[in-house]
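**Q** For reference, the sequence and a predicted model appear below.
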4 protein chains.
Amino acid sequence: MPASSYPSTPSATGGTDGGPPLGIAVVGAGYWGPNLVRNLVRSPDWELLAVCDLDPERAREVAGQHDVQVTDSLADVLARDDVDAVAVATPARTHHPIAVEALRAGKHVLVEKPLADGVEAGRAMVELARSQGLVLMADHTYCYTPAVEKIRELVADGALGEILYVDSVRINLGLVQPDVDVFWDLAPHDLSVLDHVLPGGLRPLGVAAQGADPVGAGRPCVGYLSLPLPGGAMAHVHVNWLSPTKIRQMVIGGSERTLVWDDLNPQQRISVYDRGVDLVQQSVDSADRRTASVSYRLGDTWSPALPEREALGAMVHEFAASIREERAPATDGEAGLRVLSVLEAAATSLRARGALVDVAILDRPLEIVR
Amino acid sequence: MPASSYPSTPSATGGTDGGPPLGIAVVGAGYWGPNLVRNLVRSPDWELLAVCDLDPERAREVAGQHDVQVTDSLADVLARDDVDAVAVATPARTHHPIAVEALRAGKHVLVEKPLADGVEAGRAMVELARSQGLVLMADHTYCYTPAVEKIRELVADGALGEILYVDSVRINLGLVQPDVDVFWDLAPHDLSVLDHVLPGGLRPLGVAAQGADPVGAGRPCVGYLSLPLPGGAMAHVHVNWLSPTKIRQMVIGGSERTLVWDDLNPQQRISVYDRGVDLVQQSVDSADRRTASVSYRLGDTWSPALPEREALGAMVHEFAASIREERAPATDGEAGLRVLSVLEAAATSLRARGALVDVAILDRPLEIVR
Amino acid sequence: MPASSYPSTPSATGGTDGGPPLGIAVVGAGYWGPNLVRNLVRSPDWELLAVCDLDPERAREVAGQHDVQVTDSLADVLARDDVDAVAVATPARTHHPIAVEALRAGKHVLVEKPLADGVEAGRAMVELARSQGLVLMADHTYCYTPAVEKIRELVADGALGEILYVDSVRINLGLVQPDVDVFWDLAPHDLSVLDHVLPGGLRPLGVAAQGADPVGAGRPCVGYLSLPLPGGAMAHVHVNWLSPTKIRQMVIGGSERTLVWDDLNPQQRISVYDRGVDLVQQSVDSADRRTASVSYRLGDTWSPALPEREALGAMVHEFAASIREERAPATDGEAGLRVLSVLEAAATSLRARGALVDVAILDRPLEIVR
Amino acid sequence: MPASSYPSTPSATGGTDGGPPLGIAVVGAGYWGPNLVRNLVRSPDWELLAVCDLDPERAREVAGQHDVQVTDSLADVLARDDVDAVAVATPARTHHPIAVEALRAGKHVLVEKPLADGVEAGRAMVELARSQGLVLMADHTYCYTPAVEKIRELVADGALGEILYVDSVRINLGLVQPDVDVFWDLAPHDLSVLDHVLPGGLRPLGVAAQGADPVGAGRPCVGYLSLPLPGGAMAHVHVNWLSPTKIRQMVIGGSERTLVWDDLNPQQRISVYDRGVDLVQQSVDSADRRTASVSYRLGDTWSPALPEREALGAMVHEFAASIREERAPATDGEAGLRVLSVLEAAATSLRARGALVDVAILDRPLEIVR
């Protein structure tokens, strides 16, 4: 399914169109589980049936007052006929085995970001879901915020023209993670948004990564990603755990307009500048150099009003809608796989002192697993 | 002379300590010439004696009402005994021949940024000045602003602790230059400031550059520089001609405090955050991975008051003071050469698709030219 | 008890010092009730025993899962021996009868702002509590935020010097209230903060009010209060329901320093400017006019780190602590009465087209009711 | 001539339409004189013929390199036939005698703000100019900035709907003036802009002023003006010499949209919010109170691009154009008189402790002086 057929503003309060609620189990009762439970319980699309965690105490706590099965057995959950889908919120390295077991049991699967802990594992999940005819969805929550929905819409409508560059900054005083570096911790947010708003998804010509570990944490705490895009454009991501000032800003420069998304400014999250550079003339001079004459436009600035709603609510609705309509969700497994591929390429580039490396998965189409 | 012996707050209104004013000629009557003329005329340190340009009409205009020699002959200017120094504000490719001619004539030389159009030319200038016992100074104007003076002082005093990372952004809707790319146009500002405030000057372990020319201008209009520093730190520079929003911001993250310089916020140009990351514990776990336990400090923020004065006035005073005191100026030829070396390494990295390249000039000490 | 003996940073998590929790009932299950219930349940200082509302359905809903008495009978609640205190969150016009009934039953009373719907009613409440030896506390929630705590501390410590002026702005697109004007709806916040931070409390020499009802709402939607203070100082409050931009800012100008509280800037809520005006010389000239020669100081800016905690938690702790320690709470009934007096004087000034009117209650000390 | 016939965007570089330049003399070589001289010399509309000051040394200095008459005799200047107009930049108390002498000599007159030091003097100037058929213009410079031009245009086009309120703040650490209070020093800027943008000019129903002199300067250093407008609207002005933070902001709330002018934000000086309050329903309830049901609109925000040009250049062009076209200038003597009347009423209100006082001059039309 082409991404553009995804309805741009899914209703967070849908479900009336879809008949009885679908049954779902949440697997993993750690940091993110409670958020999933809260939104699933509130949604008319879903009936929460079970919470599963190796630690039954934690599962019990996350289940709270809700009258659901609490268990440490994934098999028991998957054996239930009324469970249509599972939402996986466990550590990344367990995404693959859990998703595979669930898909083999005929369940639709929603997976926390990142899709898996490696491209091969992610690819296998995508291919299995495809062969089984089941929905595999990546929980790229940011993509369901009103701001990102609006950005996607503006880009798709051509309001920005051709994308010339994207500069994304996500820095703050963050917790140095025990098992992942700053790229795997923070960049999935930026990359999933890029994948969501760029026409055709995030398909860079390569990835160059620079990282630093100035505090001796054992892994990069400051990171930069350069992603050359087709047509001469460039995306760049700055992630940083060591900054006392919090910045979450993405600039999308287009040939027609430029958009600035400042996620920490609730009064003006998105600004669209009707300004830009026009290349008036281009010639090859006697010294065999291309020269350009450029003019500038200085136009108005515009900031669209955005509704207030919880992204996670829209996300769980999209999961249900994609199952009912038998289509790919807006952030499907392939989206998750593209993000994963860039992260893995970045890790390779880091080991190669920043050399530009190819993004393997993007070279060839996915094939049905045998 | 070690950089640290440079007085941190040179008075812009000095000269009383130095006897009669020194004689100076301005060579080059283009964009920057008038600013030099204005500040030299106003300074008690200097007596402006001549303005020289191949186009005598322009020279006349820049000389204005001032009673000075106007000429298109550099030789005539250099033949004057009362000319102690020349200030060169011509295109970069002519810096080397003019400076060499002036130095050979026994004149002290001030050169606009960049010092030259290549490292070899710059190195020759530095070595010639050294062998002649003359001052060669780079006009790194930003280094003489009250904000950068204060940053240098805070870093030197240890207020920030060890430098962990520096992130510099200089973007706006700029004129696409006909002969230089965005690195050579904008990055000298960031690099000269880095050279000025980092203890020991800018001596990166390498340079990796990524550039994009999404408008087909024939040269990069968007650029990123990564500069790994000794001790695991990282400096990064983002320059961009295509941004409708103007940002001039440098974040200097230290082990003790972090400083943010926002040059477009006159009411609070410098903020010092008493916040940071403390590495509590470090161990090698069974899987042979270093792990770290980290704690966070959230302290007060402090913004020093800064005086209002023109940087160029302080710069021309420093030029005179260095001549009188027979010492290196705060931004001497070697500072200019370090900046040049990074720019040239960046160009090499660009051709190598972003690979990290060495900064040649920094490998070996300068030697006296024969 | 002098206000200054109030501990400046009450712990929100106290209770260990106070023996067994005190019993409390919440009266009124409207907008504010759930917030009280949530904080009382969470507090080790309190045991929530009952929720009372004329609408038992609402009371049931607010009581939620908690095992407490739900009733529409205030008498039943007051008859319980284990109820030490009641928290009144009903409409303002009912504060007086409910508080009087509770006080007569020997219960300590916490009342939502405003204390009552008129000064006479409020005065009667204060006097009755005093004669009964019971605590009457006004729920001036803002006074328990970390920001206001810090402001109070800085003023008390003399960090600002003498207060010269206070300018408070509280504007946003607000709900036009059916029964109160913008002064009674919004200004209690500003006035209670002023009362909390000004040494000796809010004791203006008079009140002048200007209001406008440009949308024909039947009551002022835009309002300005001028409050001349002893010593030539001035406090001013701007409240506005019609502004699409939200501003919550208070500037406190002192002879030594000036403080700006920007409640919508979580990254820098409080800024202290070490700047000000020094009156160098004062003389009476021949024309019998005082003249002044003034100099300016431009010093650093400083922004204290503030802890993150919920104000309401600190407030309910202070209520318990004041009962246990048999002292006046930080925001006692008299504080509520001072705020009420200013609001009533403002209403009088409005009817007098903005003339400066006296604040009656402040003229004479409270007396024990007979 | 109705103000609305004034062309909304006068070209600062006009003059080609007007034949030969008009002759002008600048009277007063103090603070503002050099700005006038610079703009007059640069304008194709004007030929500067003389600079006149009681102190010929100062006049000489202001005249600079320009080949003009320098004199201390106003009579000599007025005797010249080639002098068509005089620009008066002397202290306010001398505006009346100088303007009267110039008008009687048949010269058009431009006067610095405020028009005069009192309403009667100002009224005499206006009436004399009218009877002589000469242009009398107030130099309300702010009215010629691109921002204020745009505001005037938006208000006139109905983009904001009906004006509901205007809130203007102009505060900073200012020089305590030896002879004027903060109202006369700063408020003319706000009042002249209000006069320029409000349909029909600034015609408040009264003026209430509150001032404070907390530093003992001998005159108000902090001031508030409330100006009830026809139709229930309200304008309010806050001027303050004692604030370490500089704010220059005007909010214009309209029934359709609200405009915020932040003069210290060059990147977004004007923001137009498509948000507001809609009064849905209005009734008289049983208790004889009007009640209103209100709904809110939350729409987009828009910030128009503004050209960069010097306001003073547009102002001197408008002076020439009004003379050539024999029409009132955009900021004519009557505009100056309305501003003056409000200032004088404010002074009266101050003496009456803030009572609302009438603005005398607005009660009756101007009459031709006999």
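**A** Arrived safely, thanks for sending.
**Q** Just give the closest residue to A:R269, not the sequence neighbours.
**A** A:A147 (4.8 Å; CB to CB, 6 or more residues apart in numbering or on different chains). Every C-beta, even on glycine, is put in place using the N, C-alpha and C of the backbone.
**Q** distance of the closest residue to chain B within the stretch 1-150 of chain A from A:L337?
**A** Residue nearest to chain B within the stretch 1-150 of chain A: A:R93 (12.8 Å; CB to the nearest CB). Per CB to CB, to the nearest Å, A:R93 is found 16 Å from A:L337.
**Q** More neighbours: which of those two?
**A** Legend: neighbour count by other CB atoms under 10 Å in any protein chain shown for A:R93 and A:L337, higher for A:L337 (26 against 12).
**Q** Chain C contacts on the stretch 251-370 of chain A?
**A** A:Q267 (CB under 8 Å from any CB of the partner chain).
**Q** sorry, back to before: the residue nearest to A:R269 and B:A335: what is the separation?
**A** A:A147 sits 44 Å away from B:A335, going by CB to CB.
**Q** Between those two, point out the one with more neighbours.
**A** The neighbour comparison of A:A147 against B:A335 (other CB under 10 Å) goes to B:A335, with 25 against 18.
**Q** Surely that one is in contact with B:V197, unless I've mixed up the numbering?
**A** No: judged on CB atoms under 8 Å, B:A335 makes no contact with B:V197 at a distance of 11.6 Å.
**Q** circling back: buried ones in the helix or strand harbouring the residue nearest to A:R269?
**A** Using DSSP states H and E, A:A147 sits within helix A:146-156. Using 16 or more other CB atoms under 10 Å in any protein chain shown as the test for burial, helix A:146-156 gives A:146-152, A:154-155.
**Q** Which helix in chain A has the most residues?
**A** helix A:333-351 (DSSP state H).
**Q** what comes up buried for it?
**A** Buried residues in helix A:333-351, defined by neighbour count with 16+ other CB under 10 Å: A:333-347, A:349-350.
**Q** How about A:Q268: what's its closest non-neighbour residue?
**A** Using CB to CB, 6+ apart and skipping residues adjacent in sequence, the residue nearest A:Q268 is A:S303, 4.9 Å away.
**Q** do you know how far that neighbour is from B:A102?
**A** For A:S303, the distance to B:A102 - CB to CB - is 54 Å.
**Q** re the thing from before, residues in contact with the residue nearest to A:R269?
**A** Counting by CB atoms under 8 Å, 6 or more residues apart in numbering or on different chains, A:A147 touches A:261, A:263, A:269-270, A:306.
**Q** ranking these by neighbours, who comes first?
**A** A:I270 (24 neighbours).
**Q** Just the pLDDT for that residue.
**A** You'll see A:I270 listed with a pLDDT of 96.
**Q** so where is the stretch 151-300 of chain A shaky, pLDDT-wise?
**A** Filtered on pLDDT under 70, the stretch 151-300 of chain A yields the residue ranges A:278-296.
**Q** so where do the strands sit in it?
**A** Using DSSP state E, counting those that start in this stretch, the strands of the stretch 151-300 of chain A run over residues A:163-173, A:208-212, A:222-228, A:234-240, A:242-254, A:258-262, A:270-284, A:290-303.
**Q** would you turn the ones you listed into JSON lines with distance to C:V237?
**A** Shown next, in JSON lines, are those (distance: least, CB to CB, whole Å):
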{"stretch": "strand A:163-173", "distance to C:V237": "35"}
{"stretch": "strand A:208-212", "distance to C:V237": "50"}
{"stretch": "strand A:222-228", "distance to C:V237": "46"}
{"stretch": "strand A:234-240", "distance to C:V237": "41"}
{"stretch": "strand A:242-254", "distance to C:V237": "31"}
{"stretch": "strand A:258-262", "distance to C:V237": "31"}
{"stretch": "strand A:270-284", "distance to C:V237": "32"}
{"stretch": "strand A:290-303", "distance to C:V237": "29"}
